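1. Give the three-dimensional model of this entry:
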Amino acid sequence: MVTKLFLTPQSLPLTAFTPKFIFPRKNFLPICFTSPFYSTTVHSQSQFSHQSLPYGPSLCKGIHPFPSVSRQSPIDHSPLLKTLTGNLEREQLQNEESEGAILDEDAFTRTFDVAALRVPSKGCFELENRLRGHLLNWPRIHNIARVPGDEVEAELVELVGEQNWSSSDDGDGTSIDLLHRRIYGKAEGDGEPLSPVLYREKLVKTFDSKGYVNFRHLAKMSRLKRRKEKKEEGRDEEMRRMGKSEFAIVEVVESEELEVDDMKGLLGDEFKGGKWRGSTRLLLLDEQYAAKGVVELPEAIKALLKGDTQERMKPTIELVRCRLTLFYDYWQMNEVLEALLPKDMIIPSAFETVGHIAHLNLRDEHLPYKKLIAKVVLDKNKPKIQTVVNKSDAISNDYRTMQLEVLAGNHSLVTTVVENGLRFHLDLATVYWNSRLATERQRLLSVFTCNDVVCDVFAGVGPISISAARIVKKVYANDLNPYAVEYLERNSVANKLERKIEVFNMEGRRFISAMFASEKAPKITQVVMNLPNDAAEYLDAFKGILRDRSDKEFTLPIIHVYGFSKARDPEFDFHERIRIAITEVAVDVNVRRVRHVAPGKWMLCASFRLPRSVALSKPTLNDI
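-> Prediction:
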């Protein structure tokens, strides 16, 4: 029996170590990150006695199994920028061009002492439902665990049959005695049993048809399999993963039964369960029962143990002590970043996903840690995310493309986005894409009908144009960016909608004038202007577009224009800007808020039918 001392979390000194975060450049100063609990200083129990540790798994709790990892001399734990003495070091840190930071993942390994019930495998799911309120119930941790020695080899199952010996035993031990006689030749009380090797030789000499049926695999089973297992430095070799997960393992460290060797020759060296009782599982109990005895357990568990003892001479359910180890892969992105970033800093837990690219919008306070943040984002979102970028500068060019800096992963910004059942190819370095507008684009498409003809003034790579082509008669898509036009044509062909889309590469005002001066003008029913920063300024292009066709009847189009506003009343502000742009006061505009893009800044969509007075208006001195 392995003797261990189990302590409650409140009685343990809170000790943790700063994870290794190494900058590749040799001239850099050694930097240690501040966090609420990552400290190399051991605190006394009284210092934390007034604090209640959170329920469930936490990096604040548990024991670090590798005391040699990340052990450093005590330093002054101050924010990172304060550790840099001078603007030169700060500028070097922000301009680091290396592939990324080295994060010590072993520093996030935590072990927790828990109690468990070892139960027969066939009844584990029924007992799980019965004890649901008393089980561990931690996120991403299954209450039913497997450990070495809980399974039976397939050859042994064929030998002894499919019955569960622990559940089929009537209490007199006849099933176990029968198994011992079939393996050893004798059972308990029959005298000294023969060794498995000698008994096999005896069977060979007294070979008959019945023996052939029962022991045809005995020679194979008596030879122990040599398993080549990869050894991980610093970790127990006997630990096995829980199922197929790679972030947690369970190890039994204390059992009620003594370890005996009478079954090792048959089941292997990993068998440590004493008398074999068939396949078993572990039901992990709530963390509050980790250091409690049977008397202190809840009545439901005590009733289960008592009933099992009364029904059988040899109980099939036992209370064991286990060690649950959680690795770096277990912890969520926000938990890791909270541990690494300085205290009171806002955790950048949200980002935009564009295909395989994670697009961050880091604040100035996050920039010194951008490589570290990108490394964690990449680790916690693989394999979907393969590249992490950050917008390094505000959008200021005519093509409305973003200045992006690759922080982690591969450097390819060419990706494919699936939206509304369509595939869009794009290069995020040369074109604009915003995945957060997918809901708004879907709302706008719901307005279109099969009789509409859509004119998309700022089409980009075609998220609205190509989607609308599946609904409407015809789409005229335009964009100033030649790279966007190239991808627009490519995407229309890829989605087999090129016959319903006509692509243009023109300036916005020129495109509006050319479309309404052509024979296509009477057919246009919807105009989309999705360029929030400048679209309202292009509305003056609609003034007088039909003055030369006043003798003809036209169905004036509905215009959907997007814009930003920082006013207290953004709807009123955007409405006024539209009235000023088209120089028309009596215009009925429906303005709705799309999304909150920044503190005090809204993105809005205004929909209105083009007034006839504006379309037929004569040029003024201001227009000239």
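2. residues near residue 301, how many?
-> 21 (other Cβ atoms under 10 Å). No exception for glycine: its C-beta is placed from N, CA and C like everyone else's.
3. which residues are in contact with the helix or strand hosting it?
-> Assigned by DSSP states H and E, residue 301 belongs to helix 299-311. With Cβ atoms under 8 Å, 6 or more residues apart in numbering as the test, helix 299-311 has contacts from 117, 127, 130-131, 133-134, 171, 285, 294-295, 297, 315-317, 319.
4. Can you name the next helix or strand after that helix?
-> Following helix 299-311 toward the C-terminus (DSSP H and E): strand 318-326.
5. export that next one as CSV, just CAs?
-> C-alpha atoms of strand 318-326 as CSV (Å, rounded to 0.1, in the frame of the first residue of the first chain):
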residue,chain,number,x,y,z
GLU,A,318,-13.8,0.0,-2.8
LEU,A,319,-12.7,3.5,-1.9
VAL,A,320,-9.3,4.5,-3.4
ARG,A,321,-7.2,7.6,-3.4
CYS,A,322,-6.2,9.0,-6.7
ARG,A,323,-4.0,11.7,-8.2
LEU,A,324,-5.5,13.7,-11.0
THR,A,325,-3.0,15.5,-13.2
LEU,A,326,-4.0,18.4,-15.5
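6. just to revisit the earlier point, for the helix holding residue 301, buried residues please.
-> For helix 299-311, a neighbour-count test (16 or more other Cβ atoms under 10 Å) marks 301, 304-305, 308 as buried.
7. And for stretch 438-448?
-> 440-441, 444-445, 448.
8. Please identify the helix or strand for the nearest residue to residue 323 once chain neighbours are set aside.
-> Nearest non-adjacent residue to residue 323, counting by Cβ to Cβ, 6 or more residues apart in numbering: residue 251, 4.8 Å away. Under the criterion of DSSP H and E, residue 251 resides in strand 248-254.
9. just checking, what packs against that strand?
-> On a contact count with 3 or more Cβ pairs under 8 Å, 6 or more residues apart in numbering; DSSP states H and E, strand 248-254 meets strand 110-120, strand 280-284, strand 318-326.
10. Now the element after the last one, going C-ward?
-> The one in question is strand 318-326. Immediately after strand 318-326, counting by DSSP H and E, sits helix 333-340.
11. Remind me what whichever helix or strand comes after that following helix packs against, helices and strands.
-> The helix or strand immediately downstream of helix 333-340 is strand 352-354, counting by DSSP H and E. Judged by 3+ Cβ pairs under 8 Å, 6+ apart, strand 352-354 is in contact with strand 357-360.
12. Neighbouring strands - and their directions - for the strand it packs on?
-> Note on strand 357-360: by DSSP bridges, its sheet partners are strand 352-354 (antiparallel), strand 387-393 (parallel).
13. Residues touching the longest one, excluding its own?
-> Identification of contacts with strand 387-393 by Cβ under 8 Å, 6+ apart yields 356-362, 370, 374, 377-378, 402-413, 428.
14. again, 10 Å this time
-> 100, 348, 351-352, 354-362, 366-367, 370-371, 373-378, 381, 402-413, 415, 428-429 (Cβ atoms under 10 Å, 6 or more residues apart in numbering).
15. Now the buried members of those residues.
-> Burial by neighbour count, 16+ other Cβ under 10 Å: within those this picks out 100, 348, 351, 354-360, 362, 366-367, 370-371, 373-378, 381, 402, 404, 406-409, 413, 415, 428-429.
16. out of these, which are inside helices?
-> Taking DSSP state H as the definition of helices, the buried ones among the contacts of strand 387-393 contribute 370-371, 373-378.
17. Of the helices and strands packed on strand 248-254, which is nearest residue 424?
-> strand 318-326 (39.2 Å; Cβ to Cβ).
18. what's the helix or strand for the closest residue to residue 570 other than its chain neighbours?
-> Distances taken as Cβ to Cβ, 6+ apart place residue 602 nearest to residue 570, at 4.5 Å, with adjacent residues excluded. Following DSSP H and E, one finds residue 602 within strand 601-609.
19. repeat for residue 124
-> Using DSSP H and E, residue 124 falls within helix 124-130.
20. contacts for the helix or strand following that helix?
-> Per DSSP H and E, the first helix or strand lying C-terminal to helix 124-130 is strand 144-145. For strand 144-145, the external contacting residues (Cβ under 10 Å, 6+ apart) are 114, 116, 119, 121, 124-125, 127-128, 135-136, 240, 242-243, 248-252, 281-284, 322, 324.
21. Send me stretch 127-137 as CSV with only the CA atoms.
-> The C-alpha trace of stretch 127-137 is given here as CSV (Å, rounded to 0.1, in the frame of the first residue of the first chain):
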residue,chain,number,x,y,z
LEU,A,127,-23.7,4.1,-10.5
GLU,A,128,-22.7,7.3,-12.2
ASN,A,129,-26.3,8.3,-12.6
ARG,A,130,-27.0,7.2,-9.0
LEU,A,131,-24.2,9.3,-7.5
ARG,A,132,-24.4,12.2,-10.0
GLY,A,133,-24.5,15.0,-7.3
HIS,A,134,-21.4,13.6,-5.5
LEU,A,135,-19.1,13.1,-8.4
LEU,A,136,-16.3,15.4,-9.5
ASN,A,137,-18.1,17.1,-12.4
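22. returning to what we had before: packing partners for the helix or strand just after the strand holding residue 602?
-> Next along the chain after strand 601-609, taking DSSP H and E as the criterion, comes helix 612-615. Other helices and strands packing on helix 612-615, by 3 or more Cβ pairs under 10 Å, 6 or more residues apart in numbering; DSSP states H and E, are helix 570-582.
23. buried stuff in the helix it packs on?
-> Buried positions in helix 570-582, judged by neighbour count with 16+ other Cβ under 10 Å: 570-571, 573-575, 577-578, 581-582.
24. and the angle for it with strand 601-609?
-> Taking axes from the mean of the first three to the mean of the last three Cα atoms, to 10 degrees, one finds helix 570-582 and strand 601-609 inclined to each other by 50 degrees.
25. Begin at 864 from now on, thanks
-> Yes, from this point I'll number from 864; that puts the last item at helix 1433-1445.
26. quick one on the thing from earlier: run through the bridge partners of the residue nearest to residue 1433.
-> Bridge pairing for residue 1465 - DSSP bridges - gives residue 1428, residue 1459.
27. follow-up on the earlier one: out of the ones in helices among the buried ones among the contacts of strand 1250-1256, who's nearest residue 1338?
-> residue 1240 (36.5 Å).
28. ok, for residue 1113, nearest residue in space, not its chain neighbours?
-> residue 1008 (4.3 Å).
29. Count the neighbours of the one you found for me.
-> Neighbourhood size, residue 1008 [other Cβ under 10 Å]: 25.
30. What of residue 1394?
-> By other Cβ under 10 Å, neighbour count at residue 1394 equals 21.
31. so how far is residue 1340 from it?
-> 14 Å (Cβ to Cβ, to the nearest Å).
32. where do the contact lists of these two overlap?
-> Both residue 1394 and residue 1340 are contacted by 1320-1321, 1323, under the criterion Cβ under 10 Å, 6+ apart.
33. Next one: residue 1449 from residue 1401, what distance?
-> Distance from residue 1449 to residue 1401, counting by Cβ to Cβ: 21 Å.
34. out of those two, which sits in the more crowded spot?
-> Neighbours per residue, other Cβ under 10 Å: of residue 1449 and residue 1401, the larger number sits with residue 1401, 19 against 7.
35. contacting residues around that one?
-> 1320-1321, 1370-1372, 1374-1375, 1392, 1394, 1424, 1444.
36. Buried only: go through these for me.
-> With burial judged by 16+ other Cβ under 10 Å, the buried subset of the contacts of residue 1401 is 1320-1321, 1371, 1374-1375, 1392, 1394, 1424, 1444.
37. Can you pick out the most distant pair from the residues you listed?
-> Greatest spacing in the buried ones among the contacts of residue 1401, by Cβ to Cβ: 1374 and 1444 (16.8 Å).
38. Which one of the contacts of helix 1162-1174 is nearest to residue 1346?
-> residue 996 (59.0 Å).
39. Run through the residues that contact the closest one.
-> 1149, 1161, 1163.
40. Give me the nearest residue to residue 1006, chain neighbours excluded.
-> Distances taken as Cβ to Cβ, 6+ apart place residue 998 nearest to residue 1006, at 4.3 Å, with adjacent residues excluded.
41. All good on my end, thank you.
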